[in-house]
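Asks: Would you be able to build a 3D model of this:
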Amino acid sequence: MPRLQLCDVKWHIASDDFALPGICAMATDVFWIVLLAVVLANRDSLECDDGDLLDIYLVGLIAVVGCSFLVEVKVVHESLKGTVMDPSPRHAVGTWVLVQCLLVIVEFGWLVVGSILGFAGASNNGCQPASDNTGGAGSAGTEDEEAQAYFDLLRVIIITSWAVFLVRSLRFLCAFDFLGSCYESKREEPGAIDGAKCALRLKWLCFCCIKDADNVPDVYASVGKVFDTVFGGEHLVTSDYVAGLVLVHRWQRQTRKAFAISTGLDPGFRYRRPGQTQPLSGPEAAKTLRDVRHYCKFALAAYGWMLHAYDHIATSACRLCAQCGPSCCCNSNPHIKDNCCHLYQATIQSTAGVEPQDLLYLDVDNSLMVVPFFVAYDHPTKSVVISVRGTLSLPDIVTDGLVPTHEFDLPGFGEVQTHGGMLQSCRGILAKIHAANALAKAFDKHPDYRLVVVGHSLGAGVATLVACLLRQTYPELRCIAYSPPGCMLEAKPAAYAEAFITSVVVGHDFISRLSFNSLLRLRRDMIWALNNTRQPKCAIVSRCNCRNERTDWWADAGPRPPVEADRDPDRMMPVYPAGRIIHFIKQESRGCWGKKRSYVPMWASREAFDEISISGRMAWDHFPDFVRDVLEDVSDEDIAAVQQGGRGEQRSQRVLHLIPDDDDCIAPTWV
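Replies: Numbering: from 1, shown residues only. Here you go, the predicted structure:
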């Protein structure tokens, strides 16, 4: 912070990003200097026709590498000065980086000379041991072998030097912003051009991977605007955000620990805000928990053979081949649109236990705002299940990024706003189902069955909207959204959906806390932390896994500014996961050797997910296989305890509530 600017172009890195790469480069340079010195010392035992040229080349290469080492030392020394947001002590870094670029050019020329000498000019024919020039014929073979081995070693050094040179050059090419000069010169206002740059980079990345993306108006511009609004304006680079996340995580942990010490709280106890969680209790909660555990396999089956192969690395092929019998290859249902090997159908049969004749509809087409899904019977629960796949491809990621809201009519409530990309995906699924008349045929055969819609991640968001639009036609409909996005509905429509939607969140899952507002709040916290830390970026990143709390990380920090102070004028209303939320809270962790974490299901309010909690498990808790593992740990005894109202008393602990006051500080309260 700010980005390094050389030759009137801003780079992708800052002046304090050279420390860790520089240390690695210094270690490489020392290794090469020692190796070249050994080779040059052994060179004295041979007399060659081109000996002087080889000596000059080896000495010159040692000199070039030595100069590179000295410059790297200076760059690392300068890069470690100052703090992340105070680059003034590092003003000399740019000059030394230019010196590095000049040395790269010199090294390139010297490697060209070495390649000519090693492969085109010099040979071992004119070399013999200097200590025995008059040896007999019996030693001629040994002399030739020694000379040949020497030149083979020299050629290996030249080839390896080219490889090191290419890696070093690639480091500069990756750091250079090829769009910086043309866009920076046209900047009219902060953030106006960065969105176009994001859109152009996204288009270059996705043009060969996303079908029909150019036919969707402003798709790249919409995603680029979101990235610019959240990540633009402060001229931060990627490593600044990494350091900011580390600092926010450490600040959150230190704040909780300080209040725990001041109140005598045991460090093993959990923290949560008052009124935001309550134990599951009663027959209705037990039935919901049983359904959540049961229908999870349908949500995972929608991911197809790739998740199955990841989940069963050694036995996946055998399991799927056992399912791919004549029933798959000879299926005459025109609505089963699988690949040529019928792997998706085999995965659904293996994972969800669906018989071939019970699979009513399958569509694996995947492109921008088009997600795979299937419709199947679940006879044990007398239900027709619609399962929507989550994020698994680049088009899905772009669909996730289409945050600008669209309106739709929620039956029984009115016009509401939701995620634009997921709404278009939902409408595509409903159009296909209606065209195939899949639900009507399913309920004609089993009119006493109910409709259940499930999905995970992106699929959970799309399933939520499918349930909202089908609710009027199927009043008994139920939706279970596993790890849903946190940007689904505003507070009132989300509360209205509690009658038919249940969202499931595990641990610190950040996707369920991810919304436009939570990103702006996280951005505010990162900038606040970066402005108030005393440590250089290298020290912050290198200690990201260190649990030893330091007291010298922070300066005298003022209060964090409100989110409304951010520069985005079109900030959306707060949005949350829809329906009632079951939050599986980590209750205890017993170590690493054969022991695992224990999670307790609790009812949670939507406000509990309005802020991203930085944790080492914030991504892992979102993975579908981990969600399945947590749900499989819910035993029949646990469900029986919930039904009898005893689960909360059996598994709860004394809790310290952290209550934010008007100044965004936190006050501890025992409950």
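
Asks: Name whatever forms a beta bridge with residue 384.
Replies: Assessed by DSSP bridges, residue 384 has beta-bridge partners residue 377, residue 451.

Asks: wait, it sits on residue 359?
Replies: No: look at residue 384 against residue 359 with C-beta atoms under 8 Å: they stay out of range, at 11.5 Å. For glycine as for every other residue, the C-beta is placed from the backbone atoms N, C-alpha and C.

Asks: what's the overlap in contacts for those two?
Replies: Shared contacts of residue 384 and residue 359, defined by C-beta atoms under 8 Å, 6 or more residues apart in numbering, comprise 375, 376.

Asks: Spell out the secondary structure type for residue 12.
Replies: strand (DSSP: H, G, I helix; E, B strand; the rest coil).

Asks: Check whether it really touches residue 235, as I assumed.
Replies: No: counting by C-beta under 8 Å, residue 12 stays clear of residue 235, with 11.3 Å between them.

Asks: Run a quick neighbour tally on residue 62.
Replies: Per other C-beta atoms under 10 Å, the neighbour tally for residue 62 reads 18.

Asks: Residue 483 is in contact with residue 506, isn't it?
Replies: Yes: Residue 483 is within contact range of residue 506, at 6.8 Å (criterion: C-beta under 8 Å).

Asks: who touches both of these two?
Replies: Joint contacts of residue 483 and residue 506 (C-beta under 8 Å, 6+ apart) are 622, 627.

Asks: quick one, what contacts the nearest residue to residue 383 once chain neighbours are set aside?
Replies: Distances taken as C-beta to C-beta, 6 or more residues apart in numbering place residue 452 nearest to residue 383, at 4.6 Å, with adjacent residues excluded. Residue 452 makes contact with 291, 295, 378, 381, 383, 384, 385, 386, 477, 478, 479, 480, according to C-beta under 8 Å, 6+ apart.

Asks: Could you check the pLDDT of residue 459?
Replies: Looking at residue 459, its pLDDT stands at 94.

Asks: actually residue 589, not the one I typed
Replies: Residue 589 is given a pLDDT of 56.

Asks: Check residue 467 too.
Replies: 94.

Asks: Distance check, it against residue 175.
Replies: 47 Å (C-beta to C-beta, to the nearest Å).

Asks: quick one, which of those two is more surrounded?
Replies: Neighbour count, other C-beta under 10 Å: between residue 467 and residue 175, residue 467 has more, with 27 against 19.

Asks: Confirm that the more buried one sits in a helix.
Replies: Yes: according to three-state DSSP, residue 467 belongs to a helix.

Asks: who's in contact with it?
Replies: Here residue 467 is in contact with 453, 477, 478, 479, 497, 500, 501 (criterion: C-beta under 8 Å, 6+ apart).

Asks: Can you give me the distance of residue 170 to residue 21?
Replies: On the measure of C-beta to C-beta, residue 170 and residue 21 end up 11 Å apart.

Asks: show me where pLDDT drops low in the stretch 1-150 of the chain?
Replies: For the stretch 1-150 of the chain, the stretches flagged by pLDDT under 70 are 1-3, 5-10, 43-53, 120-148, 150.

Asks: Going by residue numbers, what spans are helices in it?
Replies: Under the criterion DSSP state H, counting those that start in this stretch, the stretch 1-150 of the chain contains helices at 19-43, 51-79, 93-115, 140-175.

Asks: if you compare the ones you listed, which one is most tucked away?
Replies: When you average the neighbours per residue for each of the helices of the stretch 1-150 of the chain (mean count of other C-beta atoms under 10 Å), helix 51-79 leads with a mean of 18.

Asks: just the angle between it and helix 93-115, please?
Replies: With axes from the mean of the first three to the mean of the last three C-alpha atoms, to 10 degrees applied, the angle from helix 51-79 to helix 93-115 works out at 160 degrees.

Asks: the inter-axis angle of helix 51-79 versus helix 19-43?
Replies: 160 degrees.

Asks: Show me what helix 51-79 is packed against.
Replies: helix 19-43, helix 93-115 (3 or more C-beta pairs under 8 Å, 6 or more residues apart in numbering; DSSP states H and E).

Asks: And the longest one, what does it pack against?
Replies: Yep, that's helix 19-43 we're talking about. Using 3+ C-beta pairs under 8 Å, 6+ apart, helix 19-43 is in contact with helix 51-79, helix 140-175, helix 537-542.

Asks: now for the longest one, which elements pack on it?
Replies: The one in question is helix 140-175. Counting by 3+ C-beta pairs under 8 Å, 6+ apart, helix 140-175 packs on strand 9-14, helix 19-43, strand 46-47, helix 93-115, strand 128-129.

Asks: which residues sit against the longest one?
Replies: Yep, that's helix 19-43 we're talking about. 51, 54-55, 58-59, 61-62, 65-66, 68-69, 72-73, 75-76, 79-80, 150, 153-154, 157, 161, 164, 168, 171, 536-538, 541-542.

Asks: contacting residues for residue 78?
Replies: 15, 90, 92, 93, 96.

Asks: how near is it to residue 461?
Replies: For residue 78, the distance to residue 461 - C-beta to C-beta - is 47 Å.

Asks: does residue 359 have beta-bridge partners, and which?
Replies: Under the criterion used (DSSP bridges), residue 359 bridges to residue 376.

Asks: And the one 4 residues further on, by the same measure?
Replies: In this structure, residue 363 bridges to residue 337, residue 373 when assessed by DSSP bridges.

Asks: ok, so what distance separates it from residue 86?
Replies: 55 Å.

Asks: next one: residue 515
Replies: For residue 515, the distance to residue 86 - C-beta to C-beta - is 32 Å.

Asks: Same question for residue 157.
Replies: For residue 157 relative to residue 86 (C-beta to C-beta), the value is 43 Å.

Asks: How about residue 437?
Replies: Residue 437 is 66 Å from residue 86, by C-beta to C-beta.

Asks: outside of stretch 85-103, which residues touch it?
Replies: Contacts for stretch 85-103 (C-beta under 8 Å, 6+ apart): 1-2, 4-6, 14-16, 18, 64, 67-68, 71-72, 74-75, 78-79, 81-82, 172, 530-531.

Asks: For the stretch 351-500 of the chain, just list every one of the helices.
Replies: 394-401, 420-436, 438-445, 458-470, 491-496.

Asks: Generate TSV for the ones you listed, with distance to residue 586 as supplementary columns.
Replies: What follows is these, written out as TSV (distance: least, C-beta to C-beta, whole Å):
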stretch	distance to residue 586
helix 394-401	26
helix 420-436	28
helix 438-445	39
helix 458-470	21
helix 491-496	25
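
Asks: Return the most buried member of those.
Replies: helix 458-470 (a mean of 28).

Asks: just the angle between that helix and helix 394-401, please?
Replies: Using the same axes, to 10 degrees: helix 458-470 against helix 394-401 is 60 degrees.

Asks: and the angle from helix 458-470 to helix 420-436?
Replies: On the basis of the same axes, to 10 degrees, helix 458-470 is oriented at 60 degrees to helix 420-436.

Asks: quick one, helix 458-470 and helix 438-445 angle?
Replies: Using the same axes, to 10 degrees: helix 458-470 against helix 438-445 is 70 degrees.

Asks: what about dumping the CA coordinates of helix 458-470 to PDB?
Replies: Only the C-alpha atoms of helix 458-470 are listed here, as PDB (Å, rounded to 0.1, in the frame of the first residue of the first chain):
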ATOM      1  CA  LEU A 458     -25.200 -22.000  -4.900                       C
ATOM      2  CA  GLY A 459     -27.700 -24.800  -5.200                       C
ATOM      3  CA  ALA A 460     -29.100 -23.800  -1.800                       C
ATOM      4  CA  GLY A 461     -29.700 -20.300  -3.000                       C
ATOM      5  CA  VAL A 462     -31.300 -21.500  -6.200                       C
ATOM      6  CA  ALA A 463     -33.400 -24.100  -4.200                       C
ATOM      7  CA  THR A 464     -34.600 -21.300  -1.900                       C
ATOM      8  CA  LEU A 465     -35.900 -19.300  -4.800                       C
ATOM      9  CA  VAL A 466     -37.400 -22.400  -6.500                       C
ATOM     10  CA  ALA A 467     -39.300 -23.100  -3.300                       C
ATOM     11  CA  CYS A 468     -40.500 -19.500  -3.100                       C
ATOM     12  CA  LEU A 469     -42.000 -19.600  -6.600                       C
ATOM     13  CA  LEU A 470     -43.500 -23.100  -6.200                       C
END
